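# quick one, what's the 3D model for this:
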Amino acid sequence: HGVTGARGVMDDAENGFSWQLMGGLGYDVSSNLTFEAMVRYQDVSGIELISATGPKTTLDVSSTQVLLGARLSF
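Residues are numbered from 1 along each chain as shown. Prediction:
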């Protein structure tokens, strides 16, 4: 990313636009046990990093997460 020397410092003072989309399902196994599955997509775009030596880098960061679980009610 253009950082030189033993200690490279990146300035991340810029703002980016962040959003997420989530969805999930639950399946009732019994009256008090539910299995769940969820997917979450997160995205941050337009992050600008500036190194202490001057070069700039713009990047987008995204992730997809799959969550599985069980819910017990009593």
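# only C-alpha atoms for contact and neighbour calcs from this point on.
OK.
# report how many residues lie close to I50.
Counted with other C-alpha atoms under 10 Å, the neighbours of I50 add up to 19.
# so which helix or strand takes in it?
Per DSSP states H and E, I50 falls inside strand 33-51.
# let me know the next secondary structure element after that strand.
Next helix or strand after strand 33-51 toward the C-terminus (DSSP H and E): strand 56-72.
# walk me through which strands the strand holding I50 pairs with, and which way each runs.
strand 10-11 (antiparallel), strand 17-30 (antiparallel), strand 56-72 (antiparallel) (DSSP bridges).
# got any ranges where this structure has weak pLDDT?
1-14 (pLDDT under 70).
# so who does the residue with the largest distance to the centre of it touch?
Most distant residue from the mean C-alpha position of the chain: S31, 34.2 Å away (C-alpha atoms, centre = their mean). If you count contacts by C-alpha atoms under 8 Å, 6 or more residues apart in numbering, S31 has none.
# quick check on it: phi, psi?
The phi/psi pair for S31 (degrees, to the nearest 10) reads phi -70, psi -20.
# among the strands paired with strand 33-51, which is the most enclosed?
With neighbours taken as mean count of other C-alpha atoms under 10 Å, the strands paired with strand 33-51 reach their highest mean count in strand 10-11, at a mean of 14.
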